[in-house]
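> please work out how this folds:
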Amino acid sequence: MSSGKPKGIVVFSGGSAANNLVDVFKTVREDKKCQLSYVIPISDNGGSSSELIRVFGGPGIGDVRSRLVRLIPDDPDHDDSEKAAIKIFFNHRLPKNRATARQEWMQIVEASHSLWTNISTAKKELMRAILNSVNFEILKRMRPSSTFDFSGASIGNLFLTGARLFTGSFESAIYLLSSICSVPNHTSVLPAINTNFTHHISAGLSNGTIITGQNSISHPSETTALDSTPLTAHEDTERHDAIEDANLPGTLPTLRKQYINFSKADEDDLPARIERLWYINPYGQEIRLAANPAVLSALTSAQAIIYSIGSLYTSLIPSLILKGVGHAIENAAIRYKILILNSTIDRETGPSATPFSALDFVAAIAKACAESKGSPADVHKLEYSSYVTHVVHLTGPGTPAVDREALRGLGIETIKVYGRRGEGEGFVRYDEKGLVQALEVTMGRGIRGRRG
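Sure, this is the predicted structure:
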């Protein structure tokens, strides 16, 4: 017997790019009066997350933290200074200078920092307890060969790490941060894998090159602490084995380096297209991992799946290749499987000489879902619509090419949305109202939109 409860919406996304569309998804959820679930990958090993992983191990938590903080409700009719203060607190990053960063960290844990202004005593002391707990763990792990580097560290990431270590549960840590941030019960942030361990990814290019680690795939880093004389692979491994941290002896050196400094703006083309992505163990061997059961449960009760904007191979694919996901998405009961196409081509969807088209994005998603099922990666084009039914896209210079007739021939509908160009930006962004309308029309509500 049906309970009459509306089926939910599941959004696959990464962190920063999709954060810009949170209000869009919120509006669509309100119209549907249903549950909204964000599925976030945990393979990020760049920025301050790299130092937390090096010292504590555990999943890459930066994207989970940023989505939870982004979901702090805004109420324009009420002056809620505490919610604003909590958002600033958990988004705060320490200075880039190592000594200055450690000094500011101590001001925070001692409650003498101005960030605590407007946060109530009850929440402040709870938050301080977790931050002092992670500070104690940092001190316990201090060794002559290894000390924690606070440079550019995210306070929210430190808090979520402390909560995970204190409770022994990633899921509980997310619940605690969700509660402090007043994230509504109808919206969930689900890590793609519910784990206390670190899971890395590798990408294989069409020329046979293999790139190991998410940061190296997506945002090459300014390498830190390199000797002037290049080391052999054996010497590099031995050097890292002499450092006492959370990594097992013999772990691939590229997975043990600090990637605190990197740029999202200056990206070199990859030498060839990415053809496949997979998970690896610390020694570089391929492994197959199961999805978070909560993710599979959300998919089972979903009316719609949305693949959000973001990095195709490091924001979407790591969640899609997990065991159980492909079968769940293929479910015919899910009527709408909507790809919101990126407005630009990035490092992962180049090189610039052969940029990805909309069909290439769809093919990558379909192949990832097939791999999730243990099927061959070469999916027949006529199967693409089992995983993507609609493509929402922009038009203009630099946007991925959309062959509407080819997609229609595969049973995939296209919806063109007019965008806006931000001040000083050389690319088109989605207009929130236009995107809401496109999604509502696609899912059977709203006035008829402009379709390709």
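
> where in the stretch 51-200 of the chain is pLDDT low?
76-79 (pLDDT under 70).

> need the CA coordinates for stretch 162-169. CSV is fine.
Taking C-alpha atoms only, stretch 162-169 is exported to CSV below (Å, rounded to 0.1, in the frame of the first residue of the first chain):
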residue,chain,number,x,y,z
GLY,A,162,37.1,16.3,15.2
ALA,A,163,33.5,15.2,15.4
ARG,A,164,34.2,12.1,13.3
LEU,A,165,37.2,11.2,15.6
PHE,A,166,35.2,11.9,18.8
THR,A,167,32.1,9.8,17.8
GLY,A,168,33.9,7.3,15.6
SER,A,169,31.3,7.8,13.0
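
> need the residues that contact it.
In this structure, residues lying in contact with stretch 162-169 by C-beta atoms under 8 Å, 6 or more residues apart in numbering are 56, 58, 61, 130-131, 133-134, 137, 170, 172-173, 176-177, 196. Yep, even glycine has a C-beta here, placed from its N, CA and C like the rest.

> neighbour-wise, which of those residues leads?
When neighbours are taken as other C-beta atoms under 10 Å, the top entry among the contacts of stretch 162-169 is I61 (30 neighbours).

> OK, contacts around that residue?
Shown here is I61, whose contacts under the criterion C-beta under 8 Å, 6+ apart are I42, S49, L52, N157, L160, T161, R164.

> nearest to V417, of those residues?
Taking C-beta to C-beta as the measure, V417 lies nearest I42 of the contacts of I61, at 30.5 Å.

> what's around the residue lying closest to that closest one once chain neighbours are set aside, how many residues?
The spatial neighbour of I42 that comes closest, neighbours along the chain excluded (C-beta to C-beta, 6 or more residues apart in numbering), is P59 at 3.7 Å. In terms of burial, P59 registers 27 neighbours under the definition other C-beta under 10 Å.

> E286 now?
A total of 9 residues lie near E286 under the criterion other C-beta under 10 Å.

> look up how far A363 lies from the closest residue to it other than its chain neighbours.
Spatially, and ignoring its direct neighbours in sequence, E286 is nearest to W278 (5.0 Å; C-beta to C-beta, 6+ apart). Distance, W278 to A363, by C-beta to C-beta, to the nearest Å: 17 Å.

> please apply the same query to T254.
Taken as C-beta to C-beta, the span from T254 to A363 is 28 Å.

> ditto for P253
Between P253 and A363 the distance, using C-beta to C-beta, works out to 33 Å.

> what does D149 give?
Between D149 and A363 the distance is 41 Å, computed by C-beta to C-beta.

> repeat that for E104.
Per C-beta to C-beta, E104 is found 47 Å from A363.

> check R65 too.
Plainly put, R65 is 32 Å away from A363 if you go by C-beta to C-beta.

> between these two, which has more neighbouring residues?
Counted by other C-beta under 10 Å, R65 and A363 do not tie: R65 has more neighbours, with 27 against 19.

> what residues are up against that one?
Contact criterion C-beta under 8 Å, 6+ apart gives F90, S154, G156, N157, F159, L160, L177 as the residues in contact with R65.

> please redo it, this time with the cut-off set to 6 Å
Applying C-beta atoms under 6 Å, 6 or more residues apart in numbering, we find R65 in contact with G156, N157, L160.

> with N157 instead?
Applying C-beta under 6 Å, 6+ apart, one finds that N157 lies in contact with S48, I61, G62, R65.

> go with 8 Å
Contacts were defined as C-beta under 8 Å, 6+ apart; by that measure N157 touches S48, S49, L52, I61, G62, R65.

> just confirm it is within a helix.
Yes - secondary structure of N157 (DSSP: H, G, I helix; E, B strand; the rest coil): part of a helix.

> which residue ranges of the stretch 301-450 of the chain form helices?
Listed in chain order, the helices of the stretch 301-450 of the chain (DSSP state H, counting those that start in this stretch) span 317-320, 325-330, 358-372, 404-409, 432-442.

> does anything pack onto the second one? Which helices or strands?
If I follow you right, that is helix 325-330. Helices and strands touching helix 325-330, as assessed by 3 or more C-beta pairs under 8 Å, 6 or more residues apart in numbering; DSSP states H and E, comprise helix 293-300, helix 317-320, helix 358-372.

> mean confidence score for it?
Helix 325-330 shows a mean pLDDT of 97.

> restricting to C-alpha, output stretch 359-371 in PDB.
The C-alpha atoms that make up stretch 359-371 are tabulated as PDB, following Å, rounded to 0.1, in the frame of the first residue of the first chain:
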ATOM      1  CA  LEU A 359      26.800  13.700 -25.900                       C
ATOM      2  CA  ASP A 360      30.300  13.000 -24.400                       C
ATOM      3  CA  PHE A 361      29.000  14.100 -21.000                       C
ATOM      4  CA  VAL A 362      26.100  11.700 -21.300                       C
ATOM      5  CA  ALA A 363      28.300   8.900 -22.500                       C
ATOM      6  CA  ALA A 364      30.700   9.300 -19.500                       C
ATOM      7  CA  ILE A 365      27.700   9.100 -17.100                       C
ATOM      8  CA  ALA A 366      26.300   6.100 -18.800                       C
ATOM      9  CA  LYS A 367      29.700   4.300 -18.800                       C
ATOM     10  CA  ALA A 368      30.200   5.100 -15.100                       C
ATOM     11  CA  CYS A 369      26.800   3.600 -14.300                       C
ATOM     12  CA  ALA A 370      27.500   0.500 -16.300                       C
ATOM     13  CA  GLU A 371      30.800   0.100 -14.500                       C
END
